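# Need the 3D shape of this:
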Amino acid sequence: INAEYMGHFLSVYFFSLVSEVRHKMVRMSTLADALKNIANAEKRGKRQVLVRPSSKVILKFLRLMQKHGYIGDFEIVDNHRANKIVVDLNGRLNKTGVISPRYDVSIKNIDRWVINCLPSRQFGFVVLTTSKGIMDHEEAKKKHVGGKVLGFFY
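The predicted model follows:
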């Protein structure tokens, strides 16, 4: 067998191996996906949106949004795996997002993050994960704790 034929044979064999491998999208941030789904549904004027998969961080973020009136009620649908959440929208949410990487935020730098992430000091919230739990920037200032920035909504 000559070298040219062998090279051709190996390239065809290798290509057939590579083409059989199935590529699957990997979910990098479930929180980012959830917030993007909610924002897109809100822009389209939907009344409800299905968010999946569920996580503790997503649930706590949604509870904060609900506490401040940016979303309505939400219901967890148990499917014996990573659960789904059905969120009722009320049309008040303008924008929401994740800040990645999760930068460290000291107490004195909270205001800088508020200025950078929110359009106005009058409304909207920056969400932080702290040693005392996930909370908005106002609560973090009250409790005098810093942490890592998760995201924002207004």
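# Relative to residue 139, how far out is residue 67?
Computed with C-beta to C-beta, to the nearest Å, the distance linking residue 67 and residue 139 is 10 Å. Glycine gets a C-beta too; all of them are placed from N, C-alpha and C.
# ok, the two, which is more surrounded?
Summary of the neighbour comparison: residue 67 and residue 139, criterion other C-beta atoms under 10 Å, with residue 139 having more neighbours (18 against 12).
# any idea how far that one lies from residue 125?
When distances are taken as C-beta to C-beta, residue 139 and residue 125 turn out to be 9 Å apart.
# repeat for residue 141
The value you get for residue 141 to residue 125, if C-beta to C-beta is used, is 12 Å.
# okay, these two: which has more neighbours?
Each of residue 141 and residue 125 has its neighbours counted (other C-beta under 10 Å); residue 125 has more, 23 against 16.
# Surely the more buried one touches residue 64?
Yes - Residue 125 sits in contact with residue 64 when judged by C-beta atoms under 8 Å, with a separation of 6.9 Å.
# okay, and the common contacts of the two?
Taking C-beta atoms under 8 Å, 6 or more residues apart in numbering as the contact definition, residue 125 and residue 64 share the neighbouring residues 136, 153.
# quick one: secondary structure of the closest residue to residue 75 other than its chain neighbours?
Take residue 75 and drop its neighbours on the chain: the residue closest to it by C-beta to C-beta, 6 or more residues apart in numbering is residue 86, 4.8 Å away. For residue 86, the assignment made with DSSP: H, G, I helix; E, B strand; the rest coil gives strand.
# so how many other residues sit close to residue 86?
For residue 86, the number of neighbouring residues by other C-beta under 10 Å comes to 14.
# do the same with residue 61
With neighbours defined by other C-beta under 10 Å, the count for residue 61 comes to 23.
# mind starting the numbering at 55 from now?
New numbering, starting at 55: the last item is residue 115.
# Same question for the helix or strand where it lies: list its buried residues.
Using DSSP states H and E, the element containing residue 115 is helix 110-121. Within helix 110-121, the residues scored as buried using 16 or more other C-beta atoms under 10 Å are 111-116, 118-120.
# Just the CA atoms of stretch 163-173, as CSV, please.
The C-alpha coordinates for stretch 163-173 follow below in CSV (Å, rounded to 0.1, in the frame of the first residue of the first chain):
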residue,chain,number,x,y,z
ASN,A,163,-18.7,49.6,46.5
ILE,A,164,-22.4,48.7,46.4
ASP,A,165,-23.4,52.2,45.3
ARG,A,166,-20.9,52.0,42.4
TRP,A,167,-22.6,48.8,41.2
VAL,A,168,-26.0,50.4,41.5
ILE,A,169,-24.9,53.4,39.4
ASN,A,170,-23.4,51.0,36.7
CYS,A,171,-26.3,48.5,36.5
LEU,A,172,-29.4,50.5,37.0
PRO,A,173,-30.8,53.4,34.9
